[in-house]
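# I'd like to go over a predicted model; first the sequence, then the structure.
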Amino acid sequence: MALLGALATSFAAGYATSGGTADEVTLVGGSTPPLRVPADADEVGRARREEIGRLLARRYARPLGADVVESGSVEDMLRRLRDPYTAFLSPGELAVAERSMAGSYSGVGLHLSSGARGFVVTRLQPGSPAQAAGIRRGDVITGIDEREASDLGVAEAVQRLTGRVGSRVRVRLRSPKVGRETWIPLTRRRVDVPAVHSRVVGPARERVMVVRVERFSTGVADQVERRLAAARRAQVRGLVLDLRGNPGGLVEEAVGVCSVFLDGGPVAQTAGAHAKPARLTAARGGDVTMPLVVAVDGRTASSAEIVAAALQERHRATVVGSRTYGKTSVQEIVPLVSGGALRLTVSHYRTSAGRDLSGAGVRPQEPIRSARAIGHAVALIRAAPPEQPSRRAGRRTPPRDA
């Protein structure tokens, strides 16, 4: 599975969630193999425990204590790690993790969260089959094909709503406005899930492009580079990279985004008990003159923190907003022969200058509330002297905590 190779270098954990709630899922990604039902659950459980134990012993980020090695069950073993980012993923959860790293999927275009009577529609992809069928935000899905929503977990619901392009699925819907339940047939098709959005704000000669990156999924670095090219064509004063609420994602994409704005050089460094120390470096030839401000907040995490810290430490950007989350562990997702997968921490990172952000996060040079961060960033760019394009925003203030 090619996507799992990318997942192995992901800083994201719990990427099945969106919007800050543990049970809200964005339906994204590619196809998933059919689930294998074990003939003997006890035998599968023992095999899974042995398989996970071997993986932890060979690849976990730190040496394991005897209490972990001698644990009698998978649940006990993982609990004793005291690591919220290392976990067993069921086949459904694995499918969600795969899909969350992709930029498109085959499905119906719904975003759901668990509710008391079913799955609540929290958002719809524009132009998706669900939107075309008249489904609206706030509607409740009470059944999917022959299954009651109350009998399904979120991950299984995701599997049932996604599938082969052209295949059909029926959902039973309760609309607050209608008050009765109706069955709606939907035909699955390819749905693009853009992770990068941009807009230009301000009058002529004062225009600034704001580029929002929601997550570091496949293709994000290329999308940011295209936005930078568009900003140059529009002759804007500068660019704001909005990473507020970004939970992280693929490290290759994070390094790629750094490469858009740096001319080579260090981005971060990783090390673990069973992983060789590695230095992550930006590619040569990035743009170092476009004035740049990065906006962050307390939900900016993982790979997004790598980008913010690298651009700050390299004096390429001013960081505004509030202190970031401070997650420095690197996860790898490994499919298991016994079914499902193990998401395990394999290493930890430090910034390009060797800082450990664990728990501390990236501290902005310009602290300001999240709701005001973009306006403040735009003002910084407009206030900078235009005759010094490489210093107008990105080099305005040295890092406080370097």
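Sure thing, it's come through.
# so where do the helices sit in the chain?
2-7, 41-59, 66-69, 74-81, 91-100, 129-132, 154-161, 220-233, 251-261, 303-313, 373-383 (DSSP state H).
# Name the stretch among those that sits most buried.
Among the helices of the chain, the stretch with the highest mean neighbour count (mean count of other C-beta atoms under 10 Å) is helix 303-313, at a mean of 29. No exception for glycine: its C-beta is placed from N, CA and C like everyone else's.
# Reformat the helices of the chain as JSON lines; add mean pLDDT and distance to residue 291.
Output for those, formatted as JSON lines (pLDDT from 0 to 100; distance: least, C-beta to C-beta, whole Å):
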{"stretch": "helix 2-7", "mean pLDDT": "39", "distance to residue 291": "32"}
{"stretch": "helix 41-59", "mean pLDDT": "85", "distance to residue 291": "42"}
{"stretch": "helix 66-69", "mean pLDDT": "82", "distance to residue 291": "49"}
{"stretch": "helix 74-81", "mean pLDDT": "90", "distance to residue 291": "44"}
{"stretch": "helix 91-100", "mean pLDDT": "76", "distance to residue 291": "32"}
{"stretch": "helix 129-132", "mean pLDDT": "92", "distance to residue 291": "38"}
{"stretch": "helix 154-161", "mean pLDDT": "82", "distance to residue 291": "41"}
{"stretch": "helix 220-233", "mean pLDDT": "96", "distance to residue 291": "10"}
{"stretch": "helix 251-261", "mean pLDDT": "96", "distance to residue 291": "11"}
{"stretch": "helix 303-313", "mean pLDDT": "96", "distance to residue 291": "12"}
{"stretch": "helix 373-383", "mean pLDDT": "95", "distance to residue 291": "5"}
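# Relative to residue 107, which of those is closest?
Closest approach to residue 107 among these is made by helix 154-161 (5.6 Å; C-beta to C-beta).
# The closest one - contacts with which helices or strands?
Using 3 or more C-beta pairs under 8 Å, 6 or more residues apart in numbering; DSSP states H and E, the elements in contact with helix 154-161 are strand 24-26, helix 91-100, strand 110-114, strand 140-144, strand 168-174.
# Which among those is found nearest to residue 46?
Smallest distance to residue 46 across these (C-beta to C-beta): 18.5 Å, for helix 91-100.
# and the closest one with helix 154-161, angle?
Between helix 91-100 and helix 154-161, the angle comes out at 70 degrees (axes from the mean of the first three to the mean of the last three C-alpha atoms, to 10 degrees).
# Strands of the stretch 201-350 of the chain, start to end?
Ranges of strands in the stretch 201-350 of the chain, per DSSP state E, counting those that start in this stretch, are 208-213, 238-242, 266-271, 278-281, 292-296, 318-321, 329-335, 341-351.
# Strand partners (parallel or antiparallel) of the fourth one?
Sheet pairing here is set by DSSP bridges, and for strand 278-281 it gives strand 266-271 (antiparallel).
# can you check the fifth one too?
When sheet partners are counted by DSSP bridges, strand 292-296 sits next to strand 238-242 (parallel), strand 318-321 (parallel).
# buried set for stretch 182-190?
Within stretch 182-190, the residues that qualify as buried are 184, 186, 188, 189, counting by 16 or more other C-beta atoms under 10 Å.
# ok, and what's touching that stretch?
The contact list for stretch 182-190, computed with C-beta atoms under 8 Å, 6 or more residues apart in numbering, reads 104-108, 129-130, 133-135, 143, 162-173, 175.
# Generate a markdown table for the helices of the chain, with distance to residue 204 as supplementary columns.
As requested, those are exported to a markdown table (distance: least, C-beta to C-beta, whole Å):
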| stretch | distance to residue 204 |
| --- | --- |
| helix 2-7 | 41 |
| helix 41-59 | 55 |
| helix 66-69 | 62 |
| helix 74-81 | 57 |
| helix 91-100 | 40 |
| helix 129-132 | 35 |
| helix 154-161 | 46 |
| helix 220-233 | 15 |
| helix 251-261 | 25 |
| helix 303-313 | 28 |
| helix 373-383 | 12 |
